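> what's the 3D shape of this:
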Amino acid sequence: MLLPAMALEALEYTCPFCDSQVRVGKPCPGCAKKPVSKKTPASPWEPSEDHGGLDLPAEDDFDYHEFVAREFGKSPHRQTGLEWYWWTLAVALILAMLGSLFLTR
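As a prediction, this is how the structure comes out:
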């Protein structure tokens, strides 16, 4: 089936970058054949070898236990737990709920 001349023009467009005529669905002959470099550049999120000028110690020089003692002190941490009044409050609330359950019947 032959298409009219206007339909053929509708199947082509002008490339916005190189102004060459391109058929719809085909790559632009001017833009698509650019040479691809063999070496891919490093992504910006990948760490560089120089660490951005930071003065970081070598991994072998880092002592974790010394760091924790220096940052948090040598005294043991306070044990976490509930104070006596929170336990009293919890028992009182449970008794109140059970009492309201049985008294409303």
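
> May I ask which helix or strand of the chain has the lowest mean pLDDT?
Lowest on mean pLDDT, DSSP states H and E among the helices and strands of the chain sits helix 5-10, with a mean of 63.

> and Glu12, backbone torsions?
For Glu12, the backbone dihedrals are phi -120, psi 150 (criterion: degrees, to the nearest 10).

> ok, now Leu82?
The phi and psi values for Leu82, taken as degrees, to the nearest 10, are phi -90, psi 140.

> likewise Thr14?
Per degrees, to the nearest 10, the backbone of Thr14 is at phi -90, psi 130.

> what ranges do the helices span in this protein?
In chain order, the chain shows helices spanning 5-10, 64-72, 84-103, with DSSP state H as the criterion.

> Please produce TSV containing those helices, extended by distance to Trp45.
For the C-beta atoms, the positions are set from N, CA and C on the backbone; glycine is no exception. As requested, the helices of the chain are arranged in TSV below (distance: least, CB to CB, whole Å):
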stretch	distance to Trp45
helix 5-10	44
helix 64-72	26
helix 84-103	46
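
> which stretch among the ones you listed comes nearest Ser20?
Closest to Ser20 of the helices of the chain is helix 5-10 (CB to CB; 15.1 Å).

> Not counting its neighbours along the chain, what's nearest Tyr13?
Setting aside the residues directly before and after it, Tyr13 is nearest to Val22 in space (CB to CB, 6 or more residues apart in numbering), at 5.9 Å.

> Make sure that neighbour is actually in contact with Ala32.
No: taking contacts as CB atoms under 8 Å, Val22 lies outside contact range of Ala32: 9.2 Å.
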